[in-house]
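J.: Predicted model follows, preceded by the sequence.
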Amino acid sequence: MNRQCEICEEELFEDGLFCHECNEEIHRLVYPVVTQTEGYFLMSIYHYDGIIRELIHRMKFQEGRYVSRFFSAEMVRFLRENDISPQGVSYIPMHKKKKRKRGFDQAKDLCVEVSGQLGVSSASLLTRAKATRALYSLSAKERMHELEGAFTASIREDEKLWLVVDDILTTGSTIREASKTLRKAKIPNVLFLVIAR
Ligand SMILES: [Zn+2]
């Protein structure tokens, strides 16, 4: 069977998931957004819309799981372009109940692939200590309450530069709670990187 471009479905002759034209279009969307959370940097590679939104959505299903290969390569490219060299890679985990339902955790997929490409170790720095309700329907205050104590850290007092990846950033409250947990665990050097926000 001929391979097809993920976006335009034209026959694909080159390596990767997209044809040359579509690839050009994706790259035009790229710009990093940098903010801070609990004193840690938080970066995002794309805007959450259009092709990127569609691809992230696809990645949440077993049949689309391979899309993480594209995004992990993008994360590595982004890190290299910005001269960032993490010494370990981790991710924002989903609760085990949710993972059981889905069968996999796409943030963990990204973590494993990014660490492999960088040649550094990967670790589950954070564990979801409790299942949280869907956050989008909650107010900012309810969200904070819902997320309180949502994570526990698996290591303490580690000086390495850790990269913590996730797929999307919506309100930022999940990453904020994760940051608090890592602060408390005395992990001083953390960079959060998401695909899109
Ligand atoms: Zn195409």
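T.: That came through, no problem.
J.: Give me the neighbour count for the closest residue to Ile155 other than its chain neighbours.
T.: Closest residue to Ile155 apart from its sequence neighbours, by C-beta to C-beta, 6 or more residues apart in numbering: Leu125 at 6.3 Å. Backbone N, C-alpha and C define where each C-beta goes, glycine included. Leu125: 26 surrounding residues under other C-beta atoms under 10 Å.
J.: I'd say Leu125 and Arg156 touch.
T.: No. Using C-beta atoms under 8 Å, Leu125 is not in contact with Arg156, being 10.5 Å away.
J.: Need the overlap of contacts for these two.
T.: Residues touching both Leu125 and Arg156 (C-beta atoms under 8 Å, 6 or more residues apart in numbering) are Ile187.
J.: helices and strands around the longest helix seen in the chain, which ones?
T.: Longest helix in the chain, counting residues (DSSP state H): helix 67-81. Helix 67-81 sits against strand 40-46, helix 50-59, helix 106-118, strand 162-168, strand 190-196, with contacts defined as 3 or more C-beta pairs under 8 Å, 6 or more residues apart in numbering; DSSP states H and E.
J.: The third one - contacts with which helices or strands?
T.: The criterion is 3+ C-beta pairs under 8 Å, 6+ apart, and the helices and strands that helix 106-118 contacts are helix 67-81, strand 88-91, strand 121-122, strand 162-168.
J.: List of residues touching the shortest one?
T.: Pointing back at strand 121-122 there. Contacts with strand 121-122, where a contact means C-beta under 8 Å, 6+ apart, come from Gly88, Val89, Ser90, Cys111, Val112, Val114, Ser115, Gly116.
J.: Going by distance to Glu25, which of these wins?
T.: Closest approach to Glu25 among the contacts of strand 121-122 (C-beta to C-beta): Val114, at 23.6 Å.
J.: Could you identify the most distant pair in the contacts of strand 121-122?
T.: Among those, the pair separated by the greatest distance (C-beta to C-beta) is Ser90 and Gly116, at 13.7 Å.
J.: For the residue nearest in space to the middle of the chain, give the beta-bridge partners.
T.: When C-alpha atoms, centre = their mean is applied to the chain, the residue found nearest the centroid is Asp166 (1.9 Å). With DSSP bridges as the criterion, Asp166 is bridged to Val194.
J.: so it touches Phe192, yeah?
T.: Yes. Applying C-beta under 8 Å, one finds Asp166 in contact with Phe192, separated by 7.2 Å.
J.: Now do the shared contacts for these two.
T.: Residues within reach of Asp166 and of Phe192 at once, by C-beta under 8 Å, 6+ apart, are Ile175.
J.: Next one: the closest residue to Glu10 other than its chain neighbours relative to Ile7, how far apart?
T.: Distances taken as C-beta to C-beta, 6+ apart place Cys19 nearest to Glu10, at 5.5 Å, with adjacent residues excluded. In this view, Cys19 and Ile7 are 8 Å apart by C-beta to C-beta, to the nearest Å.
J.: Just want to know which of these two has more residues nearby.
T.: Neighbours of Cys19 and Ile7, each counted by other C-beta under 10 Å, are more numerous for Cys19; the result is 21 against 17.
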